[in-house]
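S.K.: Here's a sequence, model it:
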Amino acid sequence: MKTLRDQPSTPPTKRISVATPESLHWDMQEVQLAVARRAYELFETRGQEHGHDWEDWFRAESELLRPVSFSISEAQDETNVLVNVFGFEENELQVSVEPRCVTVLGKKETSVLETEGGKIEYIDWYPDQLMCAINLDSEVRPEAAVVELHAGVLEFRLPKASPRSATPEESAA
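M.R.: Next up is the predicted model:
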């Protein structure tokens, strides 16, 4: 029988594969369209009264998307981004890295438990999706990015791009 001492003290770190920005942006369109549809429903519910479009959009986002918190730290040669994705597993997350942007898309899979009495579906109080694009101050090398999931936090280790050396024409100007 395993005891509490036999259990690892920290959950394992899982490497996340990085998708191409194009494929991730394509998947993001589905989420953006769902938000737009819900914002339009709110507009119609209010009797198509104009002037509340931002209010409708933000409410639709809050109903369909989990809030995402993140932090960014920079060193001489690397930018690190931590993104709170608590509750999502590695197979429920997609990420992409561009020279000045990190994008995260997550969609929870619904849990269904078959019992003798029927189905029990797990329902969470939070929306089952997240989506965020994080702009970076420094240019990074997407091909060298390392992305890992550890205890509900996505960690991006992003080597900075080499500063572009000035051409002789630019130096003379």
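
S.K.: so who does residue 39 touch?
M.R.: 53, 56-57, 59-60 (C-beta atoms under 8 Å, 6 or more residues apart in numbering). Backbone N, C-alpha and C define where each C-beta goes, glycine included.

S.K.: Now do the same for it: its pLDDT.
M.R.: Among the per-residue scores, residue 39 shows a pLDDT of 93.

S.K.: The host helix or strand of it: how far from the chain's middle?
M.R.: Using DSSP states H and E, residue 39 sits in helix 21-45. Computed by C-alpha atoms, centre = their mean, to the nearest Å, the chain-centroid distance of helix 21-45 equals 15 Å.

S.K.: and if you look at stretch 54-67?
M.R.: The answer for stretch 54-67 is 16 Å, by C-alpha atoms, centre = their mean.

S.K.: buried set for that stretch?
M.R.: Using 16 or more other C-beta atoms under 10 Å as the test for burial, stretch 54-67 gives 56-57, 60-61, 64-66.

S.K.: go on, stretch 150-165?
M.R.: So for stretch 150-165, counting by 16+ other C-beta under 10 Å, buried means 154, 156, 158, 160.

S.K.: can you pull the contacts of the last one?
M.R.: So that's residue 160. 76-79, 138-141.

S.K.: Now do it against residue 95, distance only.
M.R.: Using C-beta to C-beta, to the nearest Å, residue 160 is found at 18 Å from residue 95.
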